[in-house]
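[1] Dropping the sequence and predicted coords here.
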Number of protein chains: 2
Amino acid sequence: MSTTAPQAPTKLQLLELLAAIGTAQWRDFAAAAAHHGLTSTQAKVLAQLDRPLPMRGLAALLVCDASNVTGIVDRLEARELVRREADPADRRVKNVVATDAGREIIRRVREEMQETHGALDALGEAESATLYALLERLRPTMEKDA
Amino acid sequence: MSTTAPQAPTKLQLLELLAAIGTAQWRDFAAAAAHHGLTSTQAKVLAQLDRPLPMRGLAALLVCDASNVTGIVDRLEARELVRREADPADRRVKNVVATDAGREIIRRVREEMQETHGALDALGEAESATLYALLERLRPTMEKDA
DNA sequence: CGCCAATACTTAAGACCGTCAAGTAAACAA
DNA sequence: TTGTTTACTTGACGGTCTTAAGTATTGGCG
């Protein structure tokens, strides 16, 4: 009953494995960020800023209170990694934009991550594709809130 | 060129997907913990206490400084979810033990997690097995530190 | 044995993250 | 205009985490 197919794991085992992978990934991210003097939260914010985003939008992406974002952006702005720009259409809104320095630093963090996670290189192309497809199926359900 | 096999994802795509899944999982865990008045850190500690562990051991598992553990255990102990017991063999050591209440509360958190992540139920048995095997292969490399 | 280094834990100070409650300013609608 | 909603900030408070210093115990070594 188990020639080619691996043993079927219990749901709990799978859950725990997923958690282990998740925390390992998070630790690597935090380490890479720290290496550049950023907290993981700061790096996470910077990672969203491919395009300008209002404070409110950032809060939504981070799933946290808007007042929290104020402080994080304050600290990033103090280091010139980010800029607040007035929105011409609505003067209540402040759009957060990554500076060149900001883009550069997050690029490096990602690079370092990618380097570290060369772990993925251990997978062949077919395996990568399979993993990707499976995770892609999990995603929508997991990102719905409880 | 894509009859049965899915498209091969770039390493970056896979990395981002893995991150997305990781943070979704973490959010669910935090939410379940909060539902029982625990921070995610506290829940994480409680989750380790299947068996008694010295403070030092906890710090190692959490990959953080020992002084940090003192505070976390203080708060858990104040709520009677955990107890410090003197180690008979080495009087410097304090073993942390989950109380019945502690075991019960973490059981419920897990249950709620498992409930939420009924997302995994969407996978068939064979798919679960494949996913498990793939993640299991990633694990050792990812858990090595940078 | 007596001394000294290593180990386990705690304490205190300081930074950051996160929440809630309250406040300001602008937009918008009746 | 008046009142409501929306975007953001501020302040207070608790939790997490680090670093540096301090206490107690262990264990090695002359």
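    Received the coordinates, thanks.

[2] Okay, strands next: where are they in chain A?
    Using DSSP state E, the strands of chain A run over residues A:53-54, A:82-86, A:94-98.

[3] Mean neighbour count, distance to DNA strand C and mean pLDDT for those strands - can I get that in CSV?
    C-betas here are computed from N, CA, C, even on glycine. Shown next, in CSV, are those (neighbours: other C-beta atoms under 10 Å in any protein chain shown; distance: least, C-beta to the nearest atom of the strand, whole Å; pLDDT from 0 to 100):
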stretch, mean neighbour count, distance to DNA strand C, mean pLDDT
strand A:53-54, 20, 13, 98
strand A:82-86, 15, 10, 98
strand A:94-98, 20, 11, 98
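
[4] does DNA strand D sit close to stretch A:89-106?
    Yes. Looking at stretch A:89-106 against DNA strand D by C-beta under 7 Å from any atom of the strand, the contacts come from A:90, A:92, A:93, A:94, A:95.

[5] Show me which pair in these is furthest apart.
    Across those, the longest distance by C-beta to C-beta is 11.4 Å; it joins A:92 and A:95.

[6] which one among the residues of stretch A:89-106 next to DNA strand D gets closest to residue A:9?
    Nearest to residue A:9 among these: residue A:95, at 45.9 Å, using C-beta to C-beta.

[7] Residues of chain A that sit close to DNA strand D?
    A:54-57, A:66-67, A:69-71, A:73-74, A:84, A:90, A:92-95.

[8] Filter those down to the buried ones, PyMOL style.
    Provided next is the PyMOL selection string for whichever of those are buried by 16 or more other C-beta atoms under 10 Å in any protein chain shown:
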select buried, chain A and resi 54+55+57+69+73+94+95
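
[9] check contacts around the residue nearest the centre of chain A.
    Chain A has residue A:44 as the residue nearest its centroid, 5.4 Å off, counting by C-alpha atoms, centre = their mean. The contact partners of residue A:44, by C-beta atoms under 8 Å, 6 or more residues apart in numbering or on different chains, come to residue A:62.

[10] Need the per-residue pLDDT for it.
    With respect to pLDDT, residue A:44 scores 97.

[11] The one 4 residues further on now?
    Among the per-residue scores, residue A:48 holds a pLDDT of 97.

[12] Might one say that it is in contact with residue A:58?
    Yes. Using C-beta atoms under 8 Å, residue A:48 is in contact with residue A:58, at 6.5 Å.

[13] between the two, who's got more neighbours?
    Between residue A:48 and residue A:58, counting by other C-beta atoms under 10 Å in any protein chain shown, residue A:58 is the more crowded of the two (22 against 15).

[14] how near is the spatially closest residue to that one that is not a sequence neighbour to residue A:79?
    Distance criterion C-beta to C-beta, 6 or more residues apart in numbering or on different chains; nearest residue to residue A:58, sequence neighbours excluded, is residue A:69 at 5.0 Å. For residue A:69, the distance to residue A:79 equals 16 Å [C-beta to C-beta, to the nearest Å].

[15] Same question for residue A:57.
    21 Å.

[16] remind me, longest helix of chain A?
    helix A:11-34 (DSSP state H).

[17] Need the mean per-residue confidence for it.
    Across helix A:11-34, the average pLDDT comes to 91.

[18] Same question for stretch A:123-136.
    Averaging pLDDT along stretch A:123-136 gives 93.

[19] Now it: buried residues?
    Within stretch A:123-136, the residues that count as buried by 16+ other C-beta under 10 Å are A:123, A:127, A:128, A:129, A:130, A:131, A:132, A:133, A:134, A:135.

[20] just stretch A:113-126 next, same as before
    Buried, per 16+ other C-beta under 10 Å, within stretch A:113-126: A:113, A:116, A:117, A:119, A:120, A:123.

[21] ok, of the residues you listed, which one's closest to residue A:11?
    The closest of the buried residues of stretch A:113-126 to residue A:11 turns out to be residue A:123 (C-beta to C-beta; 23.7 Å).

[22] Find the nearest non-adjacent residue to that closest one, please.
    Nearest in space to residue A:123, with sequence neighbours left out and distances taken as C-beta to C-beta, 6+ apart, is residue A:131 at 6.7 Å.

[23] thinking again about what came up before, quick one: distance of the longest helix of chain A to the chain centre.
    12 Å (C-alpha atoms, centre = their mean, to the nearest Å).

[24] Counting by contacts, list what that helix packs against.
    Secondary-structure packing of helix A:11-34 (3 or more C-beta pairs under 8 Å, 6 or more residues apart in numbering or on different chains; DSSP states H and E): helix A:40-48, helix A:100-116, helix B:11-35, helix B:100-116, helix B:125-143.
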